[in-house]
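Participant: Next comes the sequence, and after it the predicted model I'd like to discuss.
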Amino acid sequence: MLTAVLAGFFVSILLIPFGKYLKNRLSVLLVLLPALLFGYFAGFIPAVSAGNPVYSHHAWVPSAGINLDFHLDGLSLLFCLLITGIGTLVYIYAVAYMKGHPYLDRFFAYLSIFMAAMLGVVLSDNVLLLFIFWELTSISSFFLIGFNNDNADSRKSSITALAITAGGGFLLMAGLILAGYLSDTHSIREMILSNAILKSHSLYGLVLLLVFAGAFTKSAQFPFHFWLPGAMKAPTPVSAYLHSATMVKAGIYLLARLFPVLGGTDYWTVPLVIIGGCTMLLGAIISIFKKDLKEILAYSTISALGVLVFLIGVGTEAALTAAAVFILVHALYKATLFLVTGIIDHETQTRDISQLSGLRKLMLPVAIAGALAALSSAGIPLTLGFIGKDLIYEATLHTKLNFLFILTAIAVITNIFLVSAGFLAGIKPFTGSLPERLSGVHLPHWFMWMPPLILAFLGILFGSFPGWVGTSVLQPAAAAITNNTAGSPLKIWHGFNLVLLLSAVTIVSGTLLYLFKKTTAASSYPLLSAISAEKTFKRMGDYVKGFSTWYSNTMHNGFLRSYLLRIIIFAVLLLAYRVINGEPLEISLARISTISIYEIVVAGILIAAVYMTVTSTSRLTAVVGTSVIGYCICLMFVFYSAPDLAMTQFTIDTLTLVLFVFVLFRLPPFLNFANSKVRLRDGIVSTSFGVLIGIIALQALNEPIQTDISKFYGENAYTMAKGRNVVNVILVDFRGMDTMFEIVVLSIAALGVFSLINLRLKSSEKE
Amino acid sequence: MKSIILKTATEYLLPILLLFSIFILLRGHYYPGGGFVGGLIASIAFVLHSFTHGVNSTLRLLPVHPSGLVPFGLVLSATSMLLPLMAGKPAMTGLWIEEPIPVIGMIGSALFFDIGVYFLVIGVVLTILFSIFQYSE
């Protein structure tokens, strides 16, 4: 299973060297990736539907509790099949849609990374692993939204999407770590067993808050919904795949997955029902006022995600079954509608519904796909949407919650608007008379119209024979959410009851709304734009930008001296605070070893050199003065028997001197002396720093010296590492890993200097 | 610099300093010394040469540009760090040849690690200094 999850990453790595050969029709080969994965996961259907989940375990970082634990149960399987199945069709579609794009290889690489990450999210049993994959989906979504990176709008949208989803991911990480800490395991399966501890813990509310933040941002719930319409700047296959069928459902998946762990309490139900309810109502209403096809679909997707959050919030068995069914329903019809929109956009260069009509005469298969999807979205009998809608009404009518009437009303109103939105997107562009302008349009390559047609037919097929997909995939999925072994079978016909009546009301009102609503301009709802969270978010972004501009201008002015000054002042304040508030000062001279005549002489030279450096009027003298100081310190090292340190310090000082001398040649000959005020300030700062360090050094003598460490090295250097020079043994053996990273840092520094200076050389050569 | 004495002296100092740096490198495991100091001494030898003969003639002395020594040293160190993994031991375990080799002494993976550091330090120091020298010329 590990191979299956990571296959997408391998493919995208292979695309780096081989991608350029796949620019033409050969890119069809890439379809094999999702297709094979789909076959692989479909092979698990019998086992999983019989109630035998599949586990796979690989140790990764066992000491930190992070293992590659994968767990394929009904819920995971439903998502895996959606990801790979719709993935296959989207890959086929994209081959034709993106044909001739210069960065085709890059596109498929991002898409494959996304698919692998998404599979990882839905299969991970370890919460930390889940988080890693979760973030990978955010990142790949960022690259895909900003795929047309020469367009300022797409860049902006991708950054907004990343800021929101990654910000939520950050909170989610905190929530998952906290949940793992409280239940003492990182495995979701084990968390389910100990869910009582979690739910009764005083931090339960905080865990919920953090997990909700992650789920709501990812699944575009109000008030974080606005990144999703912006994400539609991505190429249409991406919108269909990531931002409607799979990635945005990661938040839903998370809530469903954690339902047995955290769910069922009032703290779980109330926020989800309220937020989900708001989102579904708001999204549905806004969607029918939009004119851009993709925006209509984006808002109706937001609404559908709201429905799912709402259902998981309600949390009865009927509601969770309805959620499982609706995930499939929505993925099928919404992906179809997106792909249809993509075809319309690709062929007519417009997505404005007020300009589109009569396209059925030119692209009949596309029109059929759109119409079937619209019918499924409306919930006409014999479509899967009908079953989904019935289940939703059943769920809202049979809850133990209060306000049952209001909940049902909200669901009905939402669905009325969704019916209308579905008709707008799936039927409106194809009906009516064909405008002159569009007469040159023709049917695209079958790679493009076949996938939506297949998806639309599946919606009808599953709707007409619900038992088939129900027992194999949907019931196990619902059972996995409820943590129950049995799920109730799906039925087309519930008899004449209230649910059927509500369904009929929904369809009729939705159709009427579609027929009689004029396509008004989008600006006719000032109330909605006034409470728009998007504006708040943008304003926040502007504040952050303003602050960072101010901060960089004042704190990072480019003068080394001001950096040094600030660093030292900060250190002085911190140390002084600690010295004054810390333990009482106690400096005993008794511990200081006897001072030899050599040391007095060297200290004398040192003081003279300091004086020379500070007072000299020539740069060269000052530099030589600092080198003398350095050499004096080296001598001190020699006196106190640290030959290795002294040797290194000597050579370093020499090299620094040489470097200084060379650089000094470049500087103008005349010195600009700082005025006495500045010199006084610098003097005070440096003196206080020196005095403080002195005090601390003297006080450190009072501490009993810890000899354990040096003893360990002294005793083991020869026996374990066969070396007598302890310093060097530490460097190359005991702490060799540190040395390794240090030399990596050195290399990076050299690379930096080299490239910066040579860049300057080249640009000055150009002049 | 135009000093004839210095110029003549560096002709002899360069090989002597280089030998000395290798000596410092090899004795590092038992007495003061090691790859880092050895590398610095070797760099000083080259810097001294470039002082009197100019950077370009020093670069001509070197078979590769000093920046090439950086990845070489890094790879050598990393290899000797990871080599124990092949022997089924944790990374960074010291592997040693049983018998000492004349002149050089005991040979183990730590020595190659140190040699890597030696080359890397030469590469880093000379890359930085020569870049600045050439820029200021």
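Facilitator: That came in fine, so what should we check first?
Participant: contacting residues for the closest residue to A:L635 other than its chain neighbours?
Facilitator: In this structure, A:L635 finds its nearest non-sequential neighbour in A:V602, 5.0 Å apart by Cβ to Cβ, 6 or more residues apart in numbering or on different chains. No exception for glycine: its C-beta is placed from N, CA and C like everyone else's. Contact partners of A:V602, counting by Cβ atoms under 8 Å, 6 or more residues apart in numbering or on different chains, are A:C632, A:L635, A:M636, A:F639.
Participant: Only whichever of these are buried, select them in ChimeraX.
Facilitator: A single ChimeraX command suffices to select whichever of the contacts of A:V602 are buried according to 16 or more other Cβ atoms under 10 Å in any protein chain shown:
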select /A:632,635,636
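Participant: need the contacts of A:V602 in CSV with secondary structure and pLDDT, can you?
Facilitator: Formatted as CSV, the contacts of A:V602 follow (DSSP: H, G, I helix; E, B strand; the rest coil; pLDDT from 0 to 100):
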residue, secondary structure, pLDDT
A:C632, helix, 93
A:L635, helix, 91
A:M636, helix, 90
A:F639, helix, 88
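Participant: Nearest to A:G43, out of the contacts of A:V602: which one, please.
Facilitator: Using Cβ to Cβ, A:M636 comes nearest to A:G43 of the contacts of A:V602, at 73.5 Å.
Participant: Would you list the phi and psi of the closest residue to that closest one other than its chain neighbours?
Facilitator: Nearest residue to A:M636 in three dimensions, chain neighbours excluded: A:V602, at 6.5 Å (Cβ to Cβ, 6+ apart). Here is the backbone geometry of A:V602 (degrees, to the nearest 10): phi -60, psi -40.
Participant: Distance of A:V602 relative to A:F650?
Facilitator: With distances taken as Cβ to Cβ, to the nearest Å, A:V602 is found 14 Å from A:F650.
Participant: same thing with A:I757?
Facilitator: 27 Å.
Participant: same thing with A:Y91?
Facilitator: Counting by Cβ to Cβ, the gap from A:Y91 to A:F650 is 64 Å.
Participant: Show the low-confidence segments of the stretch 1-150 of chain A, by residue range.
Facilitator: Where the stretch 1-150 of chain A drops to pLDDT under 70, the residues are A:23-25.
Participant: Quick check, the residue in it closest to chain B?
Facilitator: Across the stretch 1-150 of chain A, no residue is closer to chain B than A:S63, which sits at 13.3 Å (Cβ to the nearest Cβ).
Participant: and A:S616, what is it in contact with?
Facilitator: By Cβ under 8 Å, 6+ apart, the contact list for A:S616 reads A:A622, A:G625.
Participant: what does the one 4 residues further on give?
Facilitator: Shown here is A:L620, whose contacts under the criterion Cβ under 8 Å, 6+ apart are A:V661, A:L664.
Participant: quick one: secondary structure of it?
Facilitator: With DSSP: H, G, I helix; E, B strand; the rest coil as the basis, A:L620 sits in helix.
Participant: how much space between the residue of chain A most remote from its centre and A:F639?
Facilitator: Using Cα atoms, centre = their mean, the residue of chain A lying farthest from its centre is A:I597. It sits 64.8 Å away. A:I597 is 11 Å from A:F639, where distance means Cβ to Cβ.
Participant: ok, which stretches of chain B are helices?
Facilitator: Using DSSP state H, the helices assigned to chain B run over residues B:4-27, B:35-53, B:55-61, B:66-86, B:109-136.
Participant: so what does the longest one touch, helix or strand wise?
Facilitator: Judged by 3 or more Cβ pairs under 8 Å, 6 or more residues apart in numbering or on different chains; DSSP states H and E, the packing partners of helix B:109-136 are helix A:643-666, helix A:736-766, helix B:4-27, helix B:35-53, helix B:55-61, helix B:66-86.
Participant: tell me the contacts of B:I24?
Facilitator: Contacts of B:I24 (Cβ under 8 Å, 6+ apart): A:M647, B:G33, B:G34, B:V37, B:G38, B:I41.
Participant: A:L564 versus A:N702, what's the distance?
Facilitator: 31 Å.
Participant: whoops, I mixed them up, A:V307
Facilitator: 59 Å.
Participant: Which one's more surrounded, those two?
Facilitator: A:V307 (29 against 13; other Cβ atoms under 10 Å in any protein chain shown).
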